[in-house]
Structures are given as C-alpha cells and as structure tokens.
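**Q** Quick one, what's the 3D model for this:
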Amino acid sequence: MELKDAFPTWKGIEPCLNCTATLLNINYGHNAAVMKRSKTLRDYSVYIQRIRDHKASGMDISQAVDKATEECIMEGILRDVLLKNSAEVKNMVLGIWGTENHIRKQQEEQERIEKENEKLRERTIELKQETAELKREKAELKREKAELKREKAELVERKEAEEILIKKLLDEGRIEELKKVLADGMYRQKILEKYQLLS
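**A** Okay, the predicted model is just below:
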C-alpha cells in the first residue's frame, strides 16, 4: 500500500511525497516472528482475542471488554496500560467494535436487500409466465365461446327450419311425408336441403 494512493492527482501531477507501507495481520495466531519481537503487540493481540472469545460465548461487547481487561490485568498482559487507561482502552475497543459492527450490519443489510431483489426478480418472471398463461387461457375461452355461439345459432336456425318444414307439410296435407320427416333424421335433413331451408 502506498501513501500517494490516499491523495488525488492535481492537474495531472502526482503527489511528490510517497511512502510504502507493509500491512501485517496482528490478529492472534498470525505473524509469530513479529509477535516474538514485540511483547506489547503480542499482548494486544491476546487481549483482543480474549474479547472476541468472550463475545462469542454470548457476552455483550461491554461485558466481554470488562472480562478480558480483568483477566489480562491478573495475568500481566498489558497490565500497566490497562491499569492506567482502562476507560480509554474500553472506549477505543467499543468504538472499533461499533464501527466493525456497523459495517457488518450494512453488509448484512445489503445481502438481505440483494436476496429480496433476487426473489422479486424470480417472482416477476413467474408473474410474467402466469400472465402469458392467463392470456392463452383467455384466448382459448374466447374461441370456445365463439364456437358455442356458432353452434347455438345453427341449432336455432335448424329448429326454425324444421318448424317451417312441418308447417309447410301440414298446410299441403302431406301427412305421410310429415311422419317420415319426424321419424327419420336423414330424410328430414334431405328435405330441409331440398327446400333450401338451411343456409
């Protein structure tokens, strides 16, 4: 990481001061060689790890800091610093934890929003498919309705044609032929067509 990265260029001129820094992980259990050279750094690492362990066991952050502080003073870990400045150390740790907690909550909220957005996208696709299916069903119902309407019209027309035929045969006194028309559907159809009573 370089210091110049923290400063913007101005009119195409890069910052003239530069410093390269090496970032080291000082969490407990990392960079043993560095920890060996600095007791204060090692003690700080142990102190923070104690806080994490107590927090993981179910304590709230304030209780975890108090418990870790008490243990470390008893064991000689950061003893002088914690005895002289325990309130300042606690405030600093709570501030760091508060910031980390805030960042974590923001990340969790972002993940929750992304999951909800994904669900909404999936539901939108489902709704589009359902809408398309409803449109198909509506079109099919419309076709079926039109077909029923046509069949009904044909039945009405046929009934009217048969009534006209019966009246005609009665008026003309053709009783035998009327009996045959009423008894034989095929013959009735033939006579209806003969007199052009069906369209």
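**Q** how about low-confidence regions in the chain?
**A** Residues of the chain meeting the criterion pLDDT under 70: 1-12, 14-19, 21, 97-102, 199.
**Q** In it, which residue sits furthest out from the middle?
**A** Relative to the mean C-alpha coordinate of the chain, counting by CA atoms, centre = their mean, the farthest residue is Gly173 (80.8 Å).
**Q** Just the element for Met59, please.
**A** If you go by DSSP states H and E, Met59 is not part of any helix or strand.
**Q** Now it: closest residue in space, sequence neighbours ignored.
**A** Spatial nearest neighbour of Met59, excluding adjacent residues (CB to CB, 6 or more residues apart in numbering): Lys67 at 6.6 Å. Just so you know, the C-beta spots here come from the backbone N, C-alpha and C atoms, and that holds for glycine as well.
**Q** and that neighbour, how many residues sit next to it?
**A** For Lys67, the neighbour count with other CB atoms under 10 Å is 17.
**Q** tell me which element it is part of?
**A** If you go by DSSP H and E, Lys67 is part of helix 61-75.
**Q** Pretty sure the residue nearest to Met59 sits against Asp53.
**A** No: the pair Lys67 / Asp53 is not scored as a contact, 9.4 Å apart, by CB atoms under 8 Å.
**Q** shared neighbours of those two, anything?
**A** Contact with both Lys67 and Asp53 is made by no residue, according to CB atoms under 8 Å, 6 or more residues apart in numbering.
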